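Enquirer: here is a sequence with its predicted model. Questions after.
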Amino acid sequence: MCTTFGICGRQERQVSSRLPLVIVGNGGAAAEAVLALRASGYRGEIHLFSENNHAPYNPTLGPYFVGGTLELEKVFPFGNKTSFYQGNGVATHLGEKVIELDPSAQTLVTSQGRSFAFERVLVASGAQPTLPPVRGLREALAANAAGEAGGQGRRVFTLRSLADALALREAVEEVLAVPRPQPRAAVVGASLAGVKVADVFCELGFRVLLVERESQLLPLCAHPECASALEKHLLEQGYELYLGAFLEAVSTDESGRVALTFGPPQAATVNVDLVVICTGSRPNLDFLVPGSVETDVGILVDKHLRSTHPALYAAGDVAQGLNLLSGRREIIALWSSARYQGRVVGRNLAGRSSLYGGGIPHNITRVGKLVFASIGCMCDYDEIAVDKKGAAEEVRLYRERRLVGINLLNSCLEIGILKQAVLKLAAGLAKEMRVTWTTFGA
Ligand SMILES: Cc1cc2nc3c(=O)[nH]c(=O)nc-3n(C[C@H](O)[C@H](O)[C@H](O)COP(=O)(O)OP(=O)(O)OC[C@H]3O[C@@H](n4cnc5c(N)ncnc54)[C@H](O)[C@@H]3O)c2cc1C
């Protein structure tokens, strides 16, 4: 017989009546799914597996915690205790990573070698940093993980998990504790996360080197017109910018300083005290049995956020749902989107019919002393309008006379209204483009 926890062999599982619902992951998507399940009257067993041991954490806030402007407890939007799960009747398996999941067999295997049977599963396992192919980088990051030489090796970081944020903050404190002329930090990847981290270092008093492989800042969300204004501003703030840069190698010396070696055009070696790699992320889905669900970059989902396998739903950074502007299934890696998708899946798993209406990329962040916002798509357009008023700038992009993307610089008060406008237009556009959601398995 299966135990009440659903741990059993495959044949035993088939004789059980109702198996638990499983959630893989412990972020915003997972937590919202739990709330929606219970709010929708779901009374069955829920088991949650997470590779980490803490309460659901908001990675968006990691840079502010590192910078000391946010207390640790503020990075846990659902409370910093796992009592959130107990309060919602969830059996947690924290520190137990899922290493294999087969939706057809309705079983998963964990890092502790346990096999677990389930009826349906929500995969909300988020994403992990991608690493550029740079000589010595993996070794430098592994030294962090091992905490080698009493912290001496802890100088190169990624910033995604809470563990990353805690380790980076410790390293920042170590570097700042040593009297020296201005310490120096490099951020590799001038992505939205990268410019945020760079800003944190700048505020902490570091001299900042911002490195980007493309020829401009924020290549995925800033129009070149806006990017060049931002670049000028950062140079005025004392940043060093390496754009179009090819980082060849990373090495750490005995004193803990890191040497970054660049190929042409910079063709230079730069020594810094800390390095953070912000070169993007990729979904955590290696544990899925190959071919068990359709995947592209992430797990392809339909309007109910169900995958091509009826027992498996996906939400958050691991799910590839509808981008209303492109009409394609794409990952929109946003905290608000992860929570929204988690709610939709929670309701669907509780037996209600809840639809995900699709989304558009949007973000607002500080770049140096400027506020920068981006809404929609900044690459696929046939007309551009640029308005400048003092330090404020607005770039609007149109495709077939429709607004498809906006950059705002220092004039972000209307971002909410503009986002709704682009969203509405995008929804209309999606309709006109006859973008229809497939319902897998319908
Ligand atoms: C530095 C940074 C800045 C950001 N800034 C913004 C911003 O300004 N605005 C914005 O909207 N978004 C921002 N984001 C993105 C946002 O944080 C994510 O889109 C959001 O957190 C995704 O939530 P999620 O629940 O899908 O995944 P996550 O928050 O990544 O949670 C996934 C969870 O699954 C667990 N897990 C992974 N694999 C397994 C496994 N095999 N078994 C068990 N558990 C597993 C992980 O440990 C983690 O707890 C930022 C992200 C970063 C890193």
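Expert: Good, I have the coordinates. Remember, it's a predicted structure, so these values are computed and weren't measured experimentally. Numbering: from 1, shown residues only.
Enquirer: going forward, measure contacts between C-alpha atoms and count neighbours the same way
Expert: Will do.
Enquirer: who touches the residue positioned nearest the centre of the chain in this structure?
Expert: Centroid-nearest residue in the chain: Ala333, 5.3 Å away (criterion: CA atoms, centre = their mean). The neighbourhood of Ala333, defined by CA atoms under 8 Å, 6 or more residues apart in numbering, consists of Gly316, Asp317, Pro361.
Enquirer: so which residues on the stretch 1-150 of the chain come close to the ligand?
Expert: Counting by CA under 6 Å from any ligand atom, the stretch 1-150 of the chain comes close to the ligand at 24-30, 49-52, 58-60, 62, 97-99, 124-127.
Enquirer: tell me where this protein has helices.
Expert: 10-15, 28-39, 62-66, 83-87, 137-146, 162-177, 192-203, 224-236, 335-349, 415-432 (DSSP state H).
Enquirer: and the ones you listed, which one averages the lowest pLDDT?
Expert: Lowest mean pLDDT within the helices of the chain: helix 10-15, a mean of 35.
Enquirer: got a markdown table for the contacts of Ala333, with neighbour count and distance to Glu73 too?
Expert: Shown next, in a markdown table, are the contacts of Ala333 (neighbours: other CA atoms under 10 Å; distance: CA to CA, whole Å):
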| residue | neighbour count | distance to Glu73 |
| --- | --- | --- |
| Gly316 | 31 | 23 |
| Asp317 | 30 | 23 |
| Pro361 | 21 | 28 |
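Enquirer: among those, which are in reach of the ligand?
Expert: Okay, of the contacts of Ala333 touching the ligand (CA under 6 Å from any ligand atom), that's Gly316, Asp317.
Enquirer: can you tell me the closest non-neighbouring residue to the residue of the stretch 151-300 of the chain at minimum distance from the ligand?
Expert: Residue nearest to the ligand within the stretch 151-300 of the chain (CA to the nearest ligand atom): Arg160, separated by 4.0 Å. Leaving out its chain neighbours, the residue that sits closest to Arg160 by CA to CA, 6 or more residues apart in numbering is Pro59, at 5.9 Å.
Enquirer: go ahead and confirm that neighbour touches Thr158.
Expert: No: with contact defined as CA atoms under 8 Å, Pro59 does not reach Thr158; the gap is 11.8 Å.
Enquirer: would you mind measuring from His304 to Pro283?
Expert: Relative to Pro283, His304 is positioned 20 Å away (CA to CA, to the nearest Å).
Enquirer: and the least confident of the contacts of Ala333?
Expert: Minimum pLDDT across the contacts of Ala333 falls on Pro361, with 90.
Enquirer: OK, contacts around the closest residue to Leu234 other than its chain neighbours?
Expert: In space, and not counting its chain neighbours, Leu234 is closest to Gly368: 5.9 Å by CA to CA, 6+ apart. When contacts are counted by CA under 8 Å, 6+ apart, Gly368 touches Asp199, His233, Leu234, Gln237.
Enquirer: top of those by neighbour count?
Expert: Asp199 (25 neighbours; other CA atoms under 10 Å).
Enquirer: not counting sequence-adjacent ones, nearest residue to that residue?
Expert: Gly368 (5.8 Å).
Enquirer: so what pLDDT did the one you found get?
Expert: So Gly368 comes in at 91 (pLDDT).
Enquirer: how near is it to Val200?
Expert: Gly368 is 9 Å from Val200, by CA to CA.
Enquirer: how does this structure divide into domains?
Expert: What automatic domain parsing lists as the domains of the chain is 10-127+283-349, 137-279, 369-431.
Enquirer: please produce JSON lines containing those domains, extended by distance to Tyr356.
Expert: As requested, these are exported to JSON lines (distance: least, CA to CA, whole Å):
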{"stretch": "domain 10-127+283-349", "distance to Tyr356": "5"}
{"stretch": "domain 137-279", "distance to Tyr356": "24"}
{"stretch": "domain 369-431", "distance to Tyr356": "12"}
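Enquirer: worst average pLDDT in those domains?
Expert: Minimum mean pLDDT among these: domain 369-431, a mean of 80.
Enquirer: chain center to that one, what's the gap?
Expert: Relative to its chain's centre, domain 369-431 lies at 23 Å (CA atoms, centre = their mean, to the nearest Å).
Enquirer: for the stretch 151-300 of the chain, which residues are neighbours of the ligand?
Expert: Close to the ligand, as judged by CA under 6 Å from any ligand atom, the stretch 151-300 of the chain has residues Leu159, Arg160, Ala193, Asn284.
Enquirer: ok, these vs Leu137, which is closest?
Expert: Leu159 (14.6 Å; CA to CA).
Enquirer: and the closest one, how many neighbours does it have?
Expert: Around Leu159 there are 24 residues (other CA under 10 Å).
Enquirer: again with Ser115
Expert: By other CA under 10 Å, the residues close to Ser115 number 18.
Enquirer: kindly report the same for the one 3 residues further on.
Expert: By other CA under 10 Å, the residues close to Phe118 number 25.
Enquirer: likewise for Pro103?
Expert: The burial count for Pro103: 21, using other CA under 10 Å.
Enquirer: check Leu141 too.
Expert: Count around Leu141 with other CA under 10 Å applied: 19.
Enquirer: excluding residues flanking it in the chain, which one is nearest it?
Expert: That would be Val156: by CA to CA, 6+ apart, it lies 5.7 Å from Leu141.
Enquirer: mind listing what the one you found touches?
Expert: Applying CA under 8 Å, 6+ apart, the residues near Val156 are Ala140, Leu141, Asn144, Val258, Leu274, Val275, Val276, Ile277.
Enquirer: beta partners of it?
Expert: In this entry, Val156 is beta-bridged to Val275, by DSSP bridges.
Enquirer: how near is it to Thr82?
Expert: 30 Å.
Enquirer: picking that back up, tell me how far the residue of the stretch 151-300 of the chain closest to the ligand lies from Pro129.
Expert: Arg160 is 7 Å from Pro129, by CA to CA.
Enquirer: who has more neighbours out of these two?
Expert: Arg160 (20 against 17).
Enquirer: near the ligand, which residues of the stretch 301-442 of the chain?
Expert: So the stretch 301-442 of the chain meets the ligand at Gly316, Asp317, Ala333, Leu334, Trp335, Ser336, Ala338, Asn363 (CA under 6 Å from any ligand atom).
Enquirer: ok, the closest residue to Gly194 other than its chain neighbours - contacts?
Expert: Spatial nearest neighbour of Gly194, chain neighbours left out: Cys278 (5.2 Å); criterion: CA to CA, 6+ apart. The neighbourhood of Cys278, defined by CA under 8 Å, 6+ apart, consists of Pro129, Thr158, Leu159, Val187, Val188, Gly189, Ala190, Ser191, Ala193, Gly194.
Enquirer: you'd agree the second one is up against Thr279?
Expert: Translated: Thr158. No: counting by CA under 8 Å, Thr158 does not reach Thr279; the two are 9.0 Å apart.
Enquirer: now the common contact residues for the two.
Expert: In contact with both Thr158 and Thr279: Pro129, using CA under 8 Å, 6+ apart.
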